Structures are given as structure tokens and as C-alpha cells.
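Enquirer: everything below, folded, please.
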Amino acid sequence: MKNKQSAKTIDSPDGVRVHYWISWKPQMTKPFVVIHSGASMNHSSLEGIERGLNERGHPTILFDQRGIGYSEAPPKREYYSLERYTGDLQNIIEQEGLVNPNIFTHSFGFMVAIDYLTKTGNLGKIAGTCASSNFRKTANPLLFHVGGKIMGFGDYVAWAATWLSNKLSGRKSKYSEQDLAGKTELSVMHAISNVSLKELLVHRTNTGLDCWDISEKLKRVKNPIQLVYGKQDLMVRAYAGEQIKRLVKGKCTISIVDGTHTLPTLYPERVLSQIAY
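Expert: Just a heads-up that it's a prediction; the model follows:
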């Protein structure tokens with residue numbers, strides 16, 4: 001189980017401490033893979049991906065992005081720009097001295113990877129699950145713009161219900177201690193809401209990823225890209241991958257499998273079967 005004691009850290013220039021974990025054994029001889037989760041999801045959302053990659057011989061780096069899990073959560077919106085997420089990724093890679101590592105991303109994590117690549121050129125193969133170049137253009141408009149407000153309210157209700165349930169039952173479990181592979185959508189909702197109120201507020205009021213657009217950056221990308229989408233994903237439909245494919249200069253493959261936006265969390269092996277590092 002991951003915790004602060006087993007984590008390494010970087011301190012960003014704006015003072016935010018980010019925690020990360022390296023999984024490596026001598027028999028892991030394949031290239032490193034850095035794993036970046038989606039918004040509001042801490043490291044445990046992709047522990048199934050981490051485990052699958054390790055079993056395939058890849059050492060990995062998995063981390064809690066700023067505002068989530070064991071990493072610090074400053075309250076102001078300016079701390080959650082694309083550039084600052086990218087800076088955290090860059091600091092981790094530089095601290096570990098990795099040259100052209102591969103990267104696995106979920107949802108907005110793909111945007112961070114592309115931004116990092118165009119600034120440094122220091123990535124190998126890129127895998128993106130449920131990826132988009134611009135959520136305003138590729139996400140389901142009703143769900144993303146109108147439904148987002150309803151789901152935002154739902155997040156607060158779910159948080160309050162989870163908090164009350166924990167109090168009544170005496171449970172002290174945290175999202176950081178859960179492995180969600182093979183569980184249900186309801187389990188993911190419970191896990192996301194089983195956080196501190198501070199974390200919930202950070203990602204409801206401060207993360208402006210709906211305004212990010214990496215379309216121009218993608219036009220400079222020559223690296224191999226592998227995209228995987230869920231057939232039942234109502235947030236980002238597979239045509240987002242076609243838009244990415246049209247923009248990039250390198251080889252880009254697209255796979256569509258059963259699953260929703262939580263695809264890599266609930267079905268890591270289903271995703272990894274479509275990816276070759």
C-alpha cells in the first residue's frame with residue numbers, strides 16, 4: 001500500500017509538494033512508463049495499470065497530481081493551470097533522470113503529456129485513454145456543460161453521504177488506500193467522494209481544464225500515439241481520437257473497447273491489451 005513514507009517528492013517552484021512512487025525490480029528491463037491519472041483521480045485510480053505494466057516488465061512512476069491524494073492542495077485557481085501540471089510532470093522526470101520515457105495517461109493527463117512533450121521533446125510512446133485535444137469541442141456538450149453543473153452538485157451530495165457513512169460506521173478508509181480495478185462505477189464515485197472537503201472544493205472550483213486546448217501543440221507531435229476509448233463513455237466520445245489523429249504528424253492508432261470514462265480504472269487489462277510499449 002502506498003503512503004507518504006514510501007513516496008518520493010518534488011517541490012514545485014510555486015511551493016506545492018507532489019508525491020510519487022517508483023515501482024522497479026531488477027527483472028523489469030523494459031522502458032520506464034510514467035502514469036498520469038485524470039482530473040479528481042489520485043494514484044489509486046491507475047494502480048491496476050501500474051500493476052499490469054510491472055508484470056509486463058516495465059518499471060513505472062505513479063503520482064498524486066497537485067490537489068489530490070497525498071500531494072498538497074493549494075486553494076487558489078492559479079495553482080491549477082496546464083503549465084503548472086506540466087511543470088510537476090517535468091520536475092519528476094528530471095529528478096529521476098529519465099530520458100524519453102513512455103507515458104500512460106487518462107483523460108486530461110493526455111493534455112499534460114502533450115504540453116510537456118512540446119516543451120522538452122523528452123517522451124517516447126504516448127498512450128491516451130479517453131483523451132481529448134479540447135474538451136469543449138470533443139466532450140458530450142449536454143453532459144459536459146449542462147450536466148457538469150448537475151454532477152457538480154451531485155459531487156457535494158455524494159461527499160456528504162460518504163462523510164456521514166464513514167462517521168456512523170467508524171470507517172477511516174481513504175481513496176488513497178483503494179484499488180478500484182474490477183470494481184463498479186458506484187465504487188469509483190464512492191472513492192472520488194471519499195476525500196477531504198478541501199480536495200473536493202479544489203477540483204470543483206479551481207481546475208479550469210474545460211478551457212484548455214492543445215490542438216496547435218499536437219501539430220508538432222511526431223511521437224507514436226496509442227488512443228483507447230470506451231464505447232459507453234458519455235464524457236469523451238471516440239471521435240475525439242479522430243481529431244487528434246488528424247492533427248499529429250506521427251503514427252496514431254485508435255482502439256474502441258467496452259467501457260465508460262472510468263475504463264482504465266475498472267478494466268486495466270482491457271486497456272493494456274490495446275497498447276504496445
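
Enquirer: and the spatially most central residue of the chain, what is it in contact with?
Expert: Using Cα atoms, centre = their mean, the residue of the chain that lies closest to the mean C-alpha position is S37, 1.5 Å off. Counting by Cβ atoms under 8 Å, 6 or more residues apart in numbering, S37 touches 43, 45-46, 65, 68, 106, 109. C-beta: built from backbone N, CA, C; applies to glycine.

Enquirer: where does pLDDT dip in this structure?
Expert: Across the chain, residues meeting the criterion (pLDDT under 70) sit at 139-156, 158, 171-178, 189, 192-193, 201-208.

Enquirer: apply 80 and report the result again.
Expert: 1, 40, 75, 138-163, 165-211 (pLDDT under 80).

Enquirer: just the buried residues out of the contacts of S37, in PyMOL syntax.
Expert: One line in PyMOL is enough to select the buried members of these, burial here meaning 16 or more other Cβ atoms under 10 Å:
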select buried, resi 43+45+46+65+68+106+109
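
Enquirer: how about a markdown table for the contacts of S37, with secondary structure and distance to D213 added?
Expert: Shown next, in a markdown table, are the contacts of S37 (DSSP: H, G, I helix; E, B strand; the rest coil; distance: Cβ to Cβ, whole Å):
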| residue | secondary structure | distance to D213 |
| --- | --- | --- |
| H43 | helix | 27 |
| S45 | helix | 25 |
| L46 | helix | 25 |
| Q65 | coil | 20 |
| I68 | coil | 23 |
| H106 | strand | 19 |
| G109 | helix | 16 |
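
Enquirer: ok, so of the contacts of S37, who is nearest I92?
Expert: Among those, Q65 lies closest to I92 (Cβ to Cβ), at 10.5 Å.

Enquirer: can you pull the contacts of that closest one?
Expert: For Q65, the contacting residues are 18, 36-37, 42, 71, 85, 88, by Cβ under 8 Å, 6+ apart.

Enquirer: next step: these restricted to helices.
Expert: Using DSSP state H, 85, 88 are the members of the contacts of Q65 that sit in helices.

Enquirer: can you tell me the SS state at G15?
Expert: coil (DSSP: H, G, I helix; E, B strand; the rest coil).

Enquirer: for it, which non-adjacent residue is spatially closest?
Expert: Distances taken as Cβ to Cβ, 6 or more residues apart in numbering place P74 nearest to G15, at 7.7 Å, with adjacent residues excluded.

Enquirer: and for R220?
Expert: In this structure, R220 finds its nearest non-sequential neighbour in T118, 5.5 Å apart by Cβ to Cβ, 6+ apart.

Enquirer: secondary structure element holding that neighbour?
Expert: Using DSSP states H and E, T118 sits within helix 109-120.

Enquirer: K217 falls within a helix, correct?
Expert: Yes - K217: assigned to a helix according to three-state DSSP.

Enquirer: from what I can see it touches I114, true?
Expert: Yes - look at K217 against I114 with Cβ atoms under 8 Å: they come within range, at 5.3 Å.

Enquirer: neighbour count: these two, which is higher?
Expert: Comparing K217 with I114 by other Cβ atoms under 10 Å, the one with more neighbours is I114, at 30 against 19.

Enquirer: that's a helix at E47, yeah?
Expert: Yes - counting by three-state DSSP, E47 is found in a helix.

Enquirer: buried sites along stretch 20-29?
Expert: Neighbour counts over stretch 20-29 (16+ other Cβ under 10 Å) mark 20-21, 23, 28 as buried.

Enquirer: whoops, I mixed them up, stretch 222-237
Expert: Buried positions in stretch 222-237, judged by neighbour count with 16+ other Cβ under 10 Å: 223-230, 233, 235-237.

Enquirer: ok, stretch 5-25 next?
Expert: Residues of stretch 5-25 classed as buried by neighbour count (16+ other Cβ under 10 Å): 7, 9-10, 12, 16, 18-21, 23.

Enquirer: name the nearest of those relative to L98.
Expert: Using Cβ to Cβ, the buried residues of stretch 5-25 come closest to L98 at Y20, 12.0 Å.

Enquirer: how about the strands in the stretch 101-250 of the chain?
Expert: Under the criterion DSSP state E, counting those that start in this stretch, the stretch 101-250 of the chain carries strands at the ranges 102-106, 126-129, 225-230.
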